[in-house]
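Novice: the amino acid sequence is not available; the structure is as follows:
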DNA sequence: TCCTGGGTGTAATGTTGTAACAGCACGATA
DNA sequence: TATCGTGCTGTTACAACATTACACCCAGGA
């Protein structure tokens, strides 16, 4: 987990990839989820989501706590609470391989199999829904009677930008 | 990560699944790796591997430290050192989704795409190598120029035994 | 008014993983 | 035999990630 010196963004064009996602779209999805649950979409939740959406890259909860701090100093536990809501709302996903969180403006269908491609160098995440992968997973599962539940796949690799710049 | 009350083995037939893997086979693989590297296959490494092989289920490093303690009390850092060797040797894999380690007696080929199916209830892990998944991943990657590096896929779900016993 | 449910703020603690350093065992070499 | 290097072990300390517990506030309903 702490194997890389800085797991999030050490490559040369740190600023250029991880293109920001549509903050308005993702926020409105969060709002309607809150509405449907009868809970408020609080400033706390709003600012955590806005930060993640603007950054467009995975961030750790502690990193979020640091950056969100507009005036007051935020504690990690408060960030985790906001993240919990945002994950339920489907606006934020957790990258287990990096213990990091990122905003996502895709609306993932129920049985959909999503692939997150994480650049080992710059940390940028690209998403794709692959029916072929889903079929492969079902095939692998069938032989053992296993029932896949949350087909969220994380693959480490090298994104196009980082692959194009071999230095560091 | 700490979301489940006990991520490793809370279901009724805890003892029955996660069938132990072939301890002798996996140990001999570790021995030949050690030989090829010119380093010893120490009792420390041997006992960590033996424990993992016998349990057949993922365990955290701290859990291993507790259980291995035959006479002396083992510290986590020592377990991590043994695990590092065993991972290099290909005898042990790390489950990022649970921060846990498990022994594996398959010999995975170089570019092979391996799918680990983790039962959310009992924690048992089943492995499968899927060419279809590999192709799907390559297809998903191709559109963005992403180059997958370590195609180790973890899928949460429900194993056949747990699916058959709906209670709890 | 009181009660209840949910969000917030804060402290404490638990869990996972590394860094750093001293000591030891063992083989190579002079 | 002496010494040197290499790699494992034992130990302390700490960093990074995550949860629990509790007090407080505030809005809405009985």
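Specialist: Perfect, I can see it now. Please read all numbers here as calculations on a predicted model, not as lab measurements.

Novice: strands along chain A, start to end?
Specialist: Under the criterion DSSP state E, chain A contains strands at A:92-95, A:100-103, A:114-119, A:125-129, A:147-150, A:152-158.

Novice: adding mean neighbour count and distance to residue A:59, write those out as JSON lines.
Specialist: (Glycine included, C-beta is placed from N, CA and C.) Shown next, in JSON lines, are those (neighbours: other C-beta atoms under 10 Å in any protein chain shown; distance: least, C-beta to C-beta, whole Å):
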{"stretch": "strand A:92-95", "mean neighbour count": "20", "distance to residue A:59": "10"}
{"stretch": "strand A:100-103", "mean neighbour count": "24", "distance to residue A:59": "6"}
{"stretch": "strand A:114-119", "mean neighbour count": "24", "distance to residue A:59": "13"}
{"stretch": "strand A:125-129", "mean neighbour count": "20", "distance to residue A:59": "11"}
{"stretch": "strand A:147-150", "mean neighbour count": "16", "distance to residue A:59": "22"}
{"stretch": "strand A:152-158", "mean neighbour count": "21", "distance to residue A:59": "16"}
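
Novice: residues contacting the residue nearest the centre of chain A?
Specialist: Centroid-nearest residue in chain A, with C-alpha atoms, centre = their mean: residue A:102, separated by 2.6 Å. Neighbour list for residue A:102: A:52, A:56-59, A:92-93, A:95, A:125 [criterion: C-beta atoms under 8 Å, 6 or more residues apart in numbering or on different chains].

Novice: ok, now with 10 Å
Specialist: A:18, A:21, A:52-53, A:55-59, A:92-95, A:116, A:118, A:123-125, A:127 (C-beta atoms under 10 Å, 6 or more residues apart in numbering or on different chains).

Novice: same question for residue A:154.
Specialist: Residue A:154 touches A:93-98, A:114-118, A:125, B:96-97, B:150, B:152-154, counting by C-beta under 10 Å, 6+ apart.

Novice: which of those residues are close to DNA strand D?
Specialist: residue A:94 (C-beta under 7 Å from any atom of the strand).

Novice: need the residues of chain A near DNA strand C, please.
Specialist: Neighbours of DNA strand C within chain A, by C-beta under 7 Å from any atom of the strand: A:1-3, A:39-40, A:42-45, A:72-75, A:77-78, A:81-82, A:85.

Novice: so what's the residue of chain A most remote from its centre closest to, chain neighbours aside?
Specialist: In chain A, the residue that sits farthest from the middle, by C-alpha atoms, centre = their mean, is residue A:143; the gap is 31.4 Å. Nearest non-adjacent residue to residue A:143, counting by C-beta to C-beta, 6 or more residues apart in numbering or on different chains: residue B:128, 7.0 Å away.

Novice: ditto for residue A:108
Specialist: Excluding its sequence neighbours, the residue lying closest to residue A:108 (C-beta to C-beta, 6+ apart) is residue A:114, at 5.6 Å.

Novice: how about that neighbour, what does it touch?
Specialist: A:93, A:104, A:106, A:108, A:127-130, A:133-134, A:150-154, B:140.

Novice: and the residue nearest to residue A:139 when sequence neighbours are not counted, how far from residue B:139?
Specialist: Excluding the flanking residues, the one nearest residue A:139 by C-beta to C-beta, 6+ apart is residue B:132, at 5.9 Å. Plainly put, residue B:132 is 11 Å away from residue B:139 if you go by C-beta to C-beta, to the nearest Å.

Novice: any residues in contact with both of the two?
Specialist: A:132-133.

Novice: show me chain A divided up by domain.
Specialist: Chain A breaks down into these domains under automatic domain parsing: A:23-103, A:114-164.

Novice: how many other residues sit next to residue A:146?
Specialist: 25 (other C-beta atoms under 10 Å in any protein chain shown).

Novice: tell me where the longest helix sits in chain A.
Specialist: Longest helix in chain A, counting residues (DSSP state H): helix A:23-37.

Novice: any bit of that helix sitting next to DNA strand D?
Specialist: No: figure legend: helix A:23-37 not in contact with DNA strand D (C-beta under 7 Å from any atom of the strand); closest approach 14.1 Å.

Novice: show me where chain A dips below the pLDDT cut-off.
Specialist: Along chain A, the model assigns pLDDT under 70 to residues A:1-19, A:70-71, A:165-168.
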